[in-house]
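[1] A predicted structure for the sequence below; I have some questions about it.
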Amino acid sequence: MSLDRLPTPAPVVDLDVLERNLARMALRAQQAGLALRPHAKTHKTLQIARLQLAEGAIGLTVAKTAEAEVYAGAGFEDLFVAYPVVGVGKPERLLAVARRAKLAVGVDSVEGARALGVPFAAAGMRLRVRIEIDCGQRRTGVRPEDAASLAREVSALPGLELEGVFTHGGHAYEATSDAERGARAGEEAALVATAAAAIREVGLACPVVSLGSTPTLEGLGDAMGGAGVTEARPGNYVFHDATQVALGSCTLEDCALSVLATVVSVPAPDRAVLDAGSKALAADGRRPTPDGHGIVVGTRSRVARLSEEHGVVAVAPGDAFHVGQRVRVVPNHACVVSNLHDVLYAVRRGEVEEGWPVAARGRVE
């Protein structure tokens, strides 16, 4: 089907760009001596996950228990839940996943780890766990200096096996220059490696030293293997987005995902309105500095405001829009856009080749 016949709004994946992004990150990881375990929360599809494995990924990272269930149910054999899983029934659900796939789960507390181990111990199994390290984002994760203490306690719990440490350099998304992004990439690698070394010093094995952030891997990918890191978990790189462009992680030509939209109103020369609002583009602001809600491809204009069903374009000098015109918008945050749609349309040179169901859409528990 021609792209011109696709109803809007619709998320469109440029296959040529996607394939280039996958190959480039696979090569970057290989050159840095890192195992690649991409985060599937960006796309939430089975098809792209299979392409990632075909490019050499050793397994997948997921965010939640339900995502692990989707991928294990589809035959994916090596999964890491990069999240401190806490909640009624979730340890038992993870046990069911572990019966079908090699599974590891993140922890950052004794209480959370203990609850995870209970059903595994009862079943005579052991769940592999990784201790999360806070490398500067100040979200979840323990301080590097507290990692060895937590490792001792976790390794003594029944039903668990300490596999290593992991972190996420999310604070790199606030970097305002390439130099600052590179510095935060260095911090990410150094702090997680320091935590791993401290764990080994108390006599515990720590074979996996994992980090994950598209901007930090683009900023310091080649040096991370030398810092003692063993694994990389980028997610956004498959699509990139307006935030990655602003950060300098990529160019607009590297953005594989866009939302196809139709101009439904041009009420004034400086304003056009699209049929893609927050339910299609997501309401996330661009980082590190706000600049609307998406780039209108082929123009200098930006989506300036969103309501649920309306995307209001601030028309830049020299640009012009007309009712019925179809445009493509590169969103600020591609990962959220995937979760807003049932299907991603795989397109090559203006032709829709496939519709990829977003298999893990809404799987947030």
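    Right, received. Where do you want to start? Numbers count the residues shown, from 1 in each chain.
[2] Every contact and neighbour count from this point should use C-alpha atoms.
    Will do.
[3] how close does residue 174 sit to residue 136?
    Residue 174 is 11 Å from residue 136, where distance means Cα to Cα, to the nearest Å.
[4] With residue 320 instead?
    Taking Cα to Cα, one finds residue 320 at 44 Å from residue 136.
[5] more crowded one of these two?
    residue 136 (18 against 14; other Cα atoms under 10 Å).
[6] Doesn't the more buried one lie inside a helix?
    No: read with DSSP: H, G, I helix; E, B strand; the rest coil, residue 136 is coil and lies in no helix.
[7] OK, contacts around it?
    By Cα atoms under 8 Å, 6 or more residues apart in numbering, residue 136 lies in contact with 169-171, 188.
[8] tell me the helices in the protein, going along the chain?
    Secondary structure of the chain (DSSP state H): helices located at 15-32, 46-54, 65-73, 90-98, 110-122, 147-155, 178-201, 214-224, 242-247, 278-281, 334-338.
[9] Pull out the buried residues from the fourth one.
    Judged by neighbour count using 16 or more other Cα atoms under 10 Å, the buried positions of helix 90-98 are 90-92, 94-95, 97-98.
[10] Residue 274: which of these is nearest?
    residue 90 (40.9 Å; Cα to Cα).
[11] pretty sure the closest one contacts residue 65?
    Yes: in this structure, residue 90 is within contact of residue 65 by Cα atoms under 8 Å, at 6.9 Å.
[12] re earlier: looking at the contacts of residue 136, which are in strands?
    The strands, defined by DSSP state E, take in nothing from these.
[13] and of those, the nearest to residue 42?
    Using Cα to Cα, residue 170 is the member of these that lies nearest residue 42, at 14.4 Å.
[14] Tell me how far the closest one lies from residue 185.
    10 Å.
[15] So if I had to pick from the two, which one is more boxed in?
    The neighbour count for residue 170 versus residue 185, taken as other Cα under 10 Å, is higher for residue 185 (30 against 22).
[16] pLDDT score for that one?
    Residue 185 is assigned a pLDDT of 82 by the prediction.
[17] same check, this time on residue 152
    Here the pLDDT value assigned to residue 152 is 98.
[18] residues touching it, list them.
    Taking Cα under 8 Å, 6+ apart, we find residue 152 in contact with residue 204.
[19] so where is the stretch 51-200 of the chain shaky, pLDDT-wise?
    The stretch 51-200 of the chain contains no residues with pLDDT under 70.
[20] same deal with the stretch 201-350 of the chain?
    219-226.
[21] Now do the strands in it.
    With DSSP state E, counting those that start in this stretch as the criterion, the stretch 201-350 of the chain has strands at 208-211, 231-232, 257-268, 271-274, 295-296, 302-306, 311-314, 326-330, 343-348.
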